[in-house]
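Peer 1: quick one: sequence and predicted model below, then my questions.
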Amino acid sequence: MGIDDIEPYVVCPFTVIVDTREQKPWHFLGFNADANQENRPLIVPTERNALKTGDYSIKGMEDLITIERKSHSDAWSTFIRERDRFERELERMSKMEFAAIIIECDENSLLCRRPIESRANPKTIYRSLIAWEQRFGVHVRFCETVGWAERTCFRYLERFWKDKESRKSHG
């Protein structure tokens, strides 16, 4: 096998499902495969589909894993004004094997930069996140940039998929 026989890219072995309600979806571009695949560019297939829970999942595993995406302003709005609806979503997330909320800002920004229109106390959000993690077993991850949040989402999905595949081949 010569250099001309090697594909210039690697296709991700699973498809990322993006909820149809996502207004500015991540596109999962600019990723590289692992070292055993020579860090070649990674093409991540995506499909838009309505998800019952969350914003991102893996095709065929929508009832097993979900990632909920929140921007700074969306987090404040959801966690305060839409709290009851969001807690129902967290309840659904708790039934999955893995669920995470990825917040597109650092923790300090979320808690110290309250939106002008909000009168809520930041400690309400802080305490709610702690309670939700404990009550529902949902992971909360802060990512300082949108790009880092997108990368984190993909790596969560990828790790879940790899673990599932490993269990299939060993069990």
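Peer 2: In hand now; what should we look at?

Peer 1: for the protein, which segments count as strands?
Peer 2: 10-11, 16-19, 31-32, 41-43, 46-49, 56-58, 65-70, 98-103, 139-142 (DSSP state E).

Peer 1: pLDDT of the longest helix belonging to the chain, averaged?
Peer 2: Of all the segments of type helix in the chain, defined by DSSP state H, the longest one is helix 146-170. Mean pLDDT, computed over helix 146-170, is 93.

Peer 1: picking up where we left off before, closest one to Lys162 among the strands of the chain?
Peer 2: strand 56-58 (11.0 Å; C-beta to C-beta). Yep, even glycine has a C-beta here, placed from its N, CA and C like the rest.

Peer 1: and for Leu90, nearest residue in space, chain neighbours not counted?
Peer 2: Phe136 (4.4 Å; C-beta to C-beta, 6 or more residues apart in numbering).

Peer 1: can you give me the neighbour number for that neighbour?
Peer 2: 18 (other C-beta atoms under 10 Å).

Peer 1: what does the one 10 residues further on give?
Peer 2: By other C-beta under 10 Å, the residues close to Val146 number 14.

Peer 1: swap in Lys52?
Peer 2: Neighbour tally, Lys52, other C-beta under 10 Å: 11.

Peer 1: I'd like the distance between it and Cys143.
Peer 2: As for Lys52, its distance to Cys143 is 24 Å (criterion: C-beta to C-beta, to the nearest Å).

Peer 1: mind saving the C-alpha coords of the helix or strand bottoming out on mean pLDDT in the chain as PDB?
Peer 2: None of the helices or strands of the chain scores lower by mean pLDDT, DSSP states H and E than helix 107-112, at a mean of 84. The C-alpha trace of helix 107-112 is given here as PDB (Å, rounded to 0.1, in the frame of the first residue of the first chain):
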ATOM      1  CA  GLU A 107     -18.700  29.800  35.100                       C
ATOM      2  CA  ASN A 108     -17.500  33.300  36.300                       C
ATOM      3  CA  SER A 109     -19.200  35.000  33.300                       C
ATOM      4  CA  LEU A 110     -22.400  33.100  33.800                       C
ATOM      5  CA  LEU A 111     -22.600  34.100  37.500                       C
ATOM      6  CA  CYS A 112     -21.100  37.600  37.400                       C
END
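
Peer 1: check which residues of that helix are buried.
Peer 2: Leu110 (16 or more other C-beta atoms under 10 Å).

Peer 1: helices or strands up against it?
Peer 2: helix 72-76, helix 122-136 (3 or more C-beta pairs under 8 Å, 6 or more residues apart in numbering; DSSP states H and E).
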